[in-house]
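Asker: Return a 3D structure for these sequence lines:
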Amino acid sequence: MNAGMIFPPSLGPILADPVAILPLHEQLRLLLGAVLFLFGVAGMAGTIFLIHFLLTLPMRRMERARLFLDLLEGALNRGQSVEAMIASIARSHDRTVSVRFHLLAAYIKSGLRFSTALEKVPRFLPPQIAAMLRAGEKLGDWKKVLPACREILRDRPAAVRSAVHYMILVILFFSPVFVFMTVMTMVFVVPRFKEVAAGMDARIWPLSIFVFNHSFILIVIEILIFLLLMAATILYVGGPRLARWFQFRGLPFVDWIAWCIPWKQKRLQRTFSAMLSALLDGGVPEAEAVRLAGDCTANEICRLRARQMITALQQGAKLAEVVRVFDSQGEFRWRLANATHARGGFLQALRGWHEALDARAFQLEEAAAHGVTSGLVVLNGLLVALIVTAMFGILIAALKAALDY
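Answerer: This is a model prediction of the structure:
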């Protein structure tokens, strides 16, 4: 069918034989435009996928750990060893498990025990879970530590995840664009305004003089804030293993920061309390239970406090009294003292406190995420207001000088 019978006369010849109508350079330009469009779409799709990958990385780490605990519990209920369970799943080539699971299985097939193989694959499980499982292997009963492991792997509420993800998006997109626009304005636009005002001998506002004289400091402050928030975002996405790269020997700087952050301190307290309760329920002596519980936090500050508790226990102090080093408010001491008289064991008696610590940690984390996001937006707004006011001050001064002239 002829193209002119379907399309208007102006488009019919072009659609019928576009190569014969368009010149070569026009064809190349259209081809280049199509290629650039495809690259733009691919870049946008890749960016969206990268954002999704980074935002879900912490959740996938937790889900991987929960899946392994389910597999471990199932093997224990069947009377199967952990090494045999891992080897059988690896032979089935199940895609549900991660690549690191198969790497762990390869080490076990080479003759290593589970705890030794786990040390060879440190990124397979969170450090706290790995330490708890090694403690369970030392006790000879994995089931004693599984409840404490599951308490640590509680998922964040949807509100907390949304707040954190929104903060990350603001840091990754809004802040870089704002910093770039601020630098371009200060470097290329503001000097031209100053030249106009100087050429007209206009009297510039004091605020404009202050902003322009300190523009470099304002830009440096904005860039430093952005870099600090970007570093925090990278550490959040990278997880505890990435944070360990910044840990200095003999100076647990990263662990000290983690203890000083309120919601992380709550979670460390919960981890120590949960593991201590599980070990005491398993009949482990108090001093050894405190040492293992401190190791399971994977935090040097907690290990130091655990050693202080052990020293006090060896001097004759009671466990309910020495736990003050982990909770200055005294709630841990009070709950632990009451747990000794409760039925069902320490872990069951302290479960309510563990849930309260989790809830408080989630609340503090959500408040911090909203506070950082709102503060960043307000700070950027104030900086924009200063720059705009300073620039309008020059325009008003120039207009006034022109009128007076």
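Asker: And the helices in the stretch 251-400 of the chain, which stretches?
Answerer: Remark: helices assigned in the stretch 251-400 of the chain by DSSP state H, counting those that start in this stretch are 253-260, 262-281, 286-296, 300-314, 319-322, 331-339, 346-349, 351-404.
Asker: Any chance of CSV for the ones you listed, columns distance to S215, mean neighbour count and mean pLDDT?
Answerer: (Each C-beta comes from the backbone N, C-alpha and C, glycine too.) CSV is the format used below for the helices of the stretch 251-400 of the chain (distance: least, Cβ to Cβ, whole Å; neighbours: other Cβ atoms under 10 Å; pLDDT from 0 to 100):
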stretch, distance to S215, mean neighbour count, mean pLDDT
helix 253-260, 32, 16, 84
helix 262-281, 36, 24, 87
helix 286-296, 51, 22, 88
helix 300-314, 42, 18, 90
helix 319-322, 56, 18, 84
helix 331-339, 51, 18, 80
helix 346-349, 59, 20, 81
helix 351-404, 8, 16, 82
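Asker: what about A105, how many neighbours?
Answerer: Using other Cβ atoms under 10 Å, A105 is surrounded by 21 other residues.
Asker: ok, and the closest non-adjacent residue to it?
Answerer: A90 (3.4 Å; Cβ to Cβ, 6 or more residues apart in numbering).
Asker: Return the residues in contact with the one you found.
Answerer: By Cβ atoms under 8 Å, 6 or more residues apart in numbering, the contact set of A90 is 101-102, 105-106, 109.
Asker: ditto for M230
Answerer: Counting by Cβ under 8 Å, 6+ apart, M230 makes contact with 171-172, 175.
Asker: Same check on I171?
Answerer: Contacts for I171 (Cβ under 8 Å, 6+ apart) come out as 226, 229-230, 233, 376.
Asker: okay, the residues you listed in CSV with secondary structure next?
Answerer: Shown next, in CSV, are these (DSSP: H, G, I helix; E, B strand; the rest coil):
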residue, secondary structure
F226, helix
L229, helix
M230, helix
T233, helix
L376, helix
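Asker: which one of the contacts of A90 is nearest V237?
Answerer: F101 (21.4 Å; Cβ to Cβ).
Asker: Let's verify the closest one: helix, strand, or coil?
Answerer: Per three-state DSSP, the local secondary structure of F101 is helix.
Asker: is it true that it touches L125?
Answerer: No. Judged on Cβ atoms under 8 Å, F101 makes no contact with L125 at a distance of 10.1 Å.
Asker: Now do the shared contacts for the two.
Answerer: Common neighbours of F101 and L125 (criterion: Cβ under 8 Å, 6+ apart): F68.
Asker: picking up where we left off before, could you flag which of the contacts of A90 are buried?
Answerer: With burial judged by 16 or more other Cβ atoms under 10 Å, the buried subset of the contacts of A90 is 101, 105-106.
Asker: And the residue lying closest to K120 once chain neighbours are set aside, which helix or strand is it part of?
Answerer: In space, and not counting its chain neighbours, K120 is closest to Y107: 5.0 Å by Cβ to Cβ, 6+ apart. Counting by DSSP states H and E, the element that carries Y107 is helix 99-109.
Asker: Send over that helix as PDB, restricted to the C-alpha atoms.
Answerer: The C-alpha coordinates for helix 99-109 follow below in PDB (Å, rounded to 0.1, in the frame of the first residue of the first chain):
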ATOM      1  CA  VAL A  99      27.000 -17.100  46.700                       C
ATOM      2  CA  ARG A 100      28.700 -16.800  50.100                       C
ATOM      3  CA  PHE A 101      26.700 -19.800  51.300                       C
ATOM      4  CA  HIS A 102      28.300 -21.900  48.600                       C
ATOM      5  CA  LEU A 103      31.700 -20.400  49.500                       C
ATOM      6  CA  LEU A 104      31.100 -21.500  53.100                       C
ATOM      7  CA  ALA A 105      30.100 -24.900  51.800                       C
ATOM      8  CA  ALA A 106      33.300 -25.100  49.900                       C
ATOM      9  CA  TYR A 107      35.400 -24.500  53.000                       C
ATOM     10  CA  ILE A 108      33.400 -27.100  54.900                       C
ATOM     11  CA  LYS A 109      33.900 -29.700  52.100                       C
END
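Asker: So what's the gap between whichever helix or strand comes after it and the chain middle?
Answerer: Where DSSP H and E defines the elements, the next helix or strand beyond helix 99-109 is helix 114-120. The chain centroid and the centroid of helix 114-120 are separated by 26 Å under Cα atoms, centre = their mean, to the nearest Å.
Asker: tell me which residues in helix 114-120 are buried?
Answerer: 114, 117-118.
Asker: which of those lies closest to A367?
Answerer: Distance to A367 across the buried residues of helix 114-120 (Cβ to Cβ) is lowest for L118, with 35.6 Å.
Asker: give me every residue that touches the closest one.
Answerer: Residues in contact with L118 (Cβ under 8 Å, 6+ apart) are 104, 124-125, 130, 133-134.
Asker: re the thing from before, centre of the chain to the helix holding Y107, how far?
Answerer: Here the centre of helix 99-109 is set off from its chain's centre by 27 Å, with Cα atoms, centre = their mean.
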